[in-house]
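Engineer: heads up, no residue letters with this:
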Ligand code: NAD
Ligand code: MG
């Protein structure tokens, strides 16, 4: 992946250059500049300034966010790791799912993207980008809280791609509420339907279609082990996803299908601007991690790609974190 300069890193680079020019004789004391190809400082590799407060109607569009999340559109470079593979990603229009879709496609996979019908604009953006690069992309909009749709989704993905050997259960519903008093019966039901029931419906339908060597990846969260107190229902589902991942891995090992999970910390995605954070809290989002910033979706792409590829053939039933140093998972 190519490093993306942030506003802060550009300013720092300019400041460093200025200092060098102004104090040429004392050049050895100037901050060392980064040689071409050297790794970037993870503290400043992506936006590290607090995000501006903003709010969108659910489910939100990442193209309307400030700043727009970085899903690797301009930076992810593949090397044929998933040549000929067929992947279905739920919530693949935006955020972390979109970063996985871009990673998979650039590694040579054909992809089916599921999203809610109100996210057509984000889905078309990423499909247009990847089709322009010669990849096959199937767009399958629909509401995952419907059991019938979940079953249909998997069958359509398989028939449109001509197979299915990577499944990413990534879609989720998250609404922050200060106390259990404010979590309505409807919210609880919808959070469980989207995050747990849909994962079960989709996975149960997909497994008989998958051959040995296939991979299932579920998106869980740091909330699975350290629940935010304002995310009671959501955190409950994320812990359920983690344990489903481990239990299913035991079952499917005998079929040669690996099941793993990714547990992100604070990542800049639409989920956060449609009620995922309490009002007025976006400026703090990610700032309290040891790296001092929220992550960008592209920073997780390699995790999904590697878990999907055959490289990690002995890695099964495991959860991998990406949380800026929180050390949660
Ligand atoms: P996102 O808003 O980009 O993705 C969530 C997606 O869920 C939406 O794009 C939408 O397509 C899908 N979705 C929700 N309800 C749906 C429904 N009824 N029907 C169809 N699709 C539906 O946000 P994201 O942060 O990239 O979320 C992806 C995953 O990452 C989720 O599982 C989330 O819990 C997890 N996660 C995110 C963070 C974070 O800080 N952003 C942290 C931990 C875990
Ligand atoms: Mg979306």
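Structural biologist: Perfect, thanks for sending it. Predicted, not measured: the structure shown is a model, and the values here were computed from it. Ligands and ions are numbered 1, 2, ... in the order given.
Engineer: The residue lying closest to residue 241 once chain neighbours are set aside - how many residues pack around it?
Structural biologist: Nearest non-adjacent residue to residue 241, counting by CB to CB, 6 or more residues apart in numbering: residue 220, 4.5 Å away. C-beta: built from backbone N, CA, C; applies to glycine. Residues near residue 220, counting by other CB atoms under 10 Å, number 27.
Engineer: how about residue 220, what does it touch?
Structural biologist: Going by CB atoms under 8 Å, 6 or more residues apart in numbering, residue 220 touches 238, 239, 241, 242, 245, 261, 262, 263, 319.
Engineer: Report how many residues lie close to the residue of the stretch 1-150 of the chain found nearest ligand 2.
Structural biologist: Here the stretch 1-150 of the chain gets closest to ligand 2 at one residue, residue 94, 3.2 Å apart by CB to the ion. Each residue near residue 94 was counted by other CB under 10 Å, and the total is 28.
Engineer: before we move on, the earlier item: and the furthest pair within the contacts of residue 220?
Structural biologist: The span of those, defined through CB to CB, is set by 239 and 262 at 14.7 Å.
Engineer: interface residues of the stretch 101-250 of the chain facing ligand 2?
Structural biologist: Within the stretch 101-250 of the chain, the positions near ligand 2 by CB under 5 Å from the ion are residue 119.
Engineer: what does the stretch 101-250 of the chain have sitting close to ligand 1?
Structural biologist: 115-116, 119, 143-145, 170-174, 194, 219, 221 (CB under 6 Å from any ligand atom).
Engineer: related to what we said a few turns ago, name the nearest residue to the residue of the stretch 1-150 of the chain closest to ligand 2, sequence neighbours excluded.
Structural biologist: Closest to residue 94 by CB to CB, 6+ apart is residue 62, at 4.2 Å.
Engineer: so the one you found sits right up against residue 68, yeah?
Structural biologist: Yes. Using CB atoms under 8 Å, residue 62 makes contact with residue 68 at a distance of 6.1 Å.
Engineer: More neighbours: those two, which one.
Structural biologist: residue 62 (25 against 12).
Engineer: Contacts only, for the more buried one.
Structural biologist: 68, 69, 71, 93, 94, 95, 98, 122, 269, 270.
Engineer: And for residue 76?
Structural biologist: Residue 76 touches 1, 99, 102, 103, 106, 298, 301, counting by CB under 8 Å, 6+ apart.
Engineer: in which helix or strand would I find the third one?
Structural biologist: Secondary structure assigned from DSSP states H and E places residue 102 in helix 95-106.
Engineer: in its sheet, what does whatever helix or strand comes next after that helix sit against?
Structural biologist: Note on helix 95-106: by DSSP H and E, the next helix or strand toward the C-terminus is strand 110-115. Paired strands of strand 110-115, with direction, are strand 86-90 (parallel), strand 137-141 (parallel) (DSSP bridges).
Engineer: okay if I get those as JSON lines plus mean pLDDT?
Structural biologist: As requested, the strands paired with strand 110-115 are exported to JSON lines (pLDDT from 0 to 100):
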{"stretch": "strand 86-90", "mean pLDDT": "99"}
{"stretch": "strand 137-141", "mean pLDDT": "99"}
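Engineer: Quick check: which of these is nearest to residue 284?
Structural biologist: strand 86-90 (28.8 Å).
Engineer: near ligand 2 at all, the closest one?
Structural biologist: No. Strand 86-90 is not in contact with ligand 2 by CB under 5 Å from the ion; minimum separation 10.5 Å.
Engineer: residue contacts, residue 143?
Structural biologist: Contact analysis of residue 143 by CB under 8 Å, 6+ apart lists 116, 117, 149.
Engineer: ok, now with 7 Å
Structural biologist: 116, 149 (CB atoms under 7 Å, 6 or more residues apart in numbering).
Engineer: next one: residue 172
Structural biologist: Residues counted as contacts of residue 172 (CB under 7 Å, 6+ apart) are 91, 194, 195, 219, 271.
Engineer: Show me those residues that map onto helices.
Structural biologist: Assignment to helices by DSSP state H places none of the contacts of residue 172 there.
Engineer: what about burial for those, which qualify?
Structural biologist: Buried by 16 or more other CB atoms under 10 Å: 91, 194, 195, 219, 271, out of those.
Engineer: Tell me which helix or strand comes right after the host helix or strand of residue 262.
Structural biologist: According to DSSP H and E, residue 262 maps onto strand 258-264. Downstream of strand 258-264, the next assigned helix or strand under DSSP H and E is helix 298-308.
Engineer: Leaving out the residues flanking it, which one is nearest to the residue nearest in space to the middle of the chain?
Structural biologist: The residue lying closest to the centre of the chain (CA atoms, centre = their mean) is residue 96, at 1.7 Å. Distances taken as CB to CB, 6+ apart place residue 297 nearest to residue 96, at 4.9 Å, with adjacent residues excluded.
Engineer: The lengthiest helix in the chain to strand 258-264, inter-axis angle?
Structural biologist: Criterion DSSP H: the longest helix present in the chain is helix 232-252. Counting by axes from the mean of the first three to the mean of the last three CA atoms, to 10 degrees, helix 232-252 lies at 160 degrees to strand 258-264.
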